[in-house]
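In: build the 3D model from these lines:
(2 chains)
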Amino acid sequence: KNQVEQSPQSLIILEGKNCTLQCNYTVSPFSNLRWYKQDTGRGPVSLTIMTFSENTKSNGRYTATLDADTKQSSLHITASQLSDSASYICVVRQTGANNLFFGTGTRLTVIP
Amino acid sequence: EAGVTQFPSHSVIEKGQTVTLRCDPISGHDNLYWYRRVMGKEIKFLLHFVKESKQDESGMPNNRFLAERTGGTYSTLKVQPAELEDSGVYFCASSQDFSGGSLAKNIQYFGAGTRLSVL
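Out: Down below sits the predicted model:
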């Protein structure tokens, strides 16, 4: 069964601290993996998209890693800001399929 | 550039009624997708349009759901008759390409969603 699991479900950190969110997937065959940020009341916004051959990709203070062998990805947020408070969703696309498989997300709260 | 817009933002209806959700994709995006998030669950795919044609509707839950994209521009998703389990947030997304080409053109841009509450 194609699944995407994320951990932790929720996380609270102090402003300025770093954090790492995890994503494990069983989607096969694998095409690419995306991390989305979803603010409350908004639609998901793409942060990164990584293919099989990419191990790491950065977008500002966000750095995503991908290990296609173990089917794991992580999203590292550096020097967190209050505006980073959101849900972070890991999404995997299956080769040859039209749909995307979504994780349930990690709810991050950054407090001052 | 305008993003993906969805209307209404929130709809409250009674069981058995009909509701129509609308999505306006980013101009020039041939690919349009509908997704749904039921309370506490992950976002799930419903269907995918390429221009006015349904490329994949494997995620549509049953025949009470009807999606159209006449003219290949905006799309509507009609639920008739609505049931309690249809409550959730319905997202629309669009992209330039679906596969091939640069990854950037495959990025799906999401609307803010329509929150549907069936009472």
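
In: SS state for the residue nearest the centre of chain B?
Out: The residue lying closest to the centre of chain B (Cα atoms, centre = their mean) is B:W34, at 2.6 Å. Per DSSP: H, G, I helix; E, B strand; the rest coil, the secondary structure class of B:W34 is strand.

In: who's in contact with it?
Out: Taking Cβ atoms under 8 Å, 6 or more residues apart in numbering or on different chains, we find B:W34 in contact with B:23, B:45-47, B:67, B:75, B:77, B:90-92. To be clear about C-beta, it is placed using only N, CA and C from the backbone, and glycine gets the same treatment.

In: between those residues, which is nearest chain A?
Out: B:F45 (3.4 Å; Cβ to the nearest Cβ).

In: need the nearest residue in space to the closest one, chain neighbours excluded.
Out: Computed as Cβ to Cβ, 6 or more residues apart in numbering or on different chains, the closest residue to B:F45 that is not its neighbour in sequence is A:N99, at 3.4 Å.

In: pretty sure the one you found sits against B:R36.
Out: No - counting by Cβ atoms under 8 Å, B:R36 is not a contact partner of A:N99; they are 11.8 Å apart.

In: more crowded one of the two?
Out: Neighbours per residue, other Cβ atoms under 10 Å in any protein chain shown: of A:N99 and B:R36, the larger number sits with B:R36, 23 against 18.

In: ok, the more buried one - contacts?
Out: Residues near B:R36 by Cβ under 8 Å, 6+ apart: B:43-44, B:46, B:88-91.

In: what's opposite it in the beta bridge?
Out: When bridges are called by DSSP bridges, B:R36 pairs up with B:K44, B:Y90.

In: for A:T78, list the residues it contacts.
Out: Counting by Cβ under 8 Å, 6+ apart, A:T78 makes contact with A:18, A:61-63.

In: how far away is the residue nearest to the centre of chain B from chain A?
Out: The gap separating B:W34 from chain A is 11 Å, by Cβ to the nearest Cβ, to the nearest Å.

In: chain neighbours aside, what residue packs nearest to that residue?
Out: Nearest to B:W34 is B:L46, by Cβ to Cβ, 6+ apart, at 4.1 Å.

In: what secondary structure does the one you found sit in?
Out: Assignment for B:L46 (three-state DSSP): strand.

In: neighbours of it, how many?
Out: Quick note: B:L46 (other Cβ under 10 Å) scores 22 neighbours.

In: can you pull the contacts of it?
Out: Contacts for B:L46 (Cβ under 8 Å, 6+ apart) come out as B:33-36, B:57, B:59-61, B:65, B:67, B:77, B:90.

In: any chance of these in TSV, plus pLDDT?
Out: Output for the contacts of B:L46, formatted as TSV (pLDDT from 0 to 100):
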residue	pLDDT
B:Y33	95
B:W34	96
B:Y35	96
B:R36	96
B:E57	91
B:G59	91
B:M60	93
B:P61	90
B:F65	96
B:A67	97
B:L77	97
B:Y90	97
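
In: between the residues you listed, which is closest to A:G105?
Out: Nearest to A:G105 among the contacts of B:L46 is B:Y35, at 13.4 Å by Cβ to Cβ.

In: and chain B, which residues reach chain A?
Out: By Cβ under 8 Å from any Cβ of the partner chain, the residues of chain B that approach chain A are B:4, B:35, B:40-45, B:48, B:55-56, B:58-59, B:91, B:93, B:98, B:103, B:106-113.

In: partners of A:C90 in the sheet?
Out: Beta-bridge partners, per DSSP bridges, of A:C90: A:W35.
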